[in-house]
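K.L.:
Predicted model and sequence follow; I will ask about them next.
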Amino acid sequence: MTITAKFSLGQVLATPGALQAMKESGQEAAFFLDRHSTGDWGTVCPDDAQLNDEALMDGGRVISAYSTLKGVKIWIITEAADGDGQRFATTIMLPDEY
């Protein structure tokens with residue numbers, strides 16, 4: 001069963017810390033990006049999950065939080081859409097790199 005992305009990621013970027021954390025856990029960015037783009041927000045608080053759900057309708061910023069298999073927390077943030085509904089970038093980062 002294939003789950004369809006709910007929004008466009010735009011250009012995907014990753015910080016050095018996030019790349020290192022995924023490498024150390026043996027996980028690919030695609031695993032986390034697939035969860036993010038299909039509406040699995042990971043471990044964000046209920047208020048942020050609600051804001052993400054609303055962002056799917058109004059074009060706001062979307063943020064997800066996950067942990068690698070080694071327990072390192074990573075965030076994925078997709079920028080708010082522009083006036084044409086385009087999202088230009090999604091960044092994978094460690095919380096302290098925000």
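P.N.:
Cool, got the structure.

K.L.:
secondary structure element for L13?
P.N.:
In the assignment (DSSP states H and E), L13 maps to strand 11-14.

K.L.:
So for the helix or strand following that strand, mean pLDDT?
P.N.:
Counting by DSSP H and E, the next helix or strand C-terminal to strand 11-14 is helix 16-25. What helix 16-25 shows for mean pLDDT is 98.

K.L.:
who does the residue sitting nearest the centre point of the chain bridge with?
P.N.:
Centroid-nearest residue in the chain: I76, 2.9 Å away (criterion: Cα atoms, centre = their mean). Using DSSP bridges, the bridge partners assigned to I76 are S64, I92.

K.L.:
For it, give its distance to M93.
P.N.:
8 Å (Cβ to Cβ, to the nearest Å). Where C-beta positions appear, they are placed from N, C-alpha and C, glycine not excepted.

K.L.:
on that earlier part again, wait, the residue nearest to the centre of the chain touches H36, no?
P.N.:
Yes. Assessed by Cβ atoms under 8 Å, I76 is found in contact with H36 at 4.5 Å.

K.L.:
returning to what we had before: check contacts around the residue nearest to the centre of the chain.
P.N.:
For I76, the contacting residues are 32-33, 36, 63-66, 90-93, by Cβ atoms under 8 Å, 6 or more residues apart in numbering.

K.L.:
Give me the below-cutoff pLDDT ranges for the chain.
P.N.:
Low-confidence segments of the chain (pLDDT under 70): 1-2.

K.L.:
Can you show me the strands along it?
P.N.:
Counting by DSSP state E, the segments of the chain that form strands are 11-14, 62-67, 73-78, 89-93.

K.L.:
Tell me which other helices or strands the first one touches.
P.N.:
When contacts are defined as 3 or more Cβ pairs under 8 Å, 6 or more residues apart in numbering; DSSP states H and E, strand 11-14 sits against helix 29-37, strand 89-93.

K.L.:
No more questions from me, cheers.
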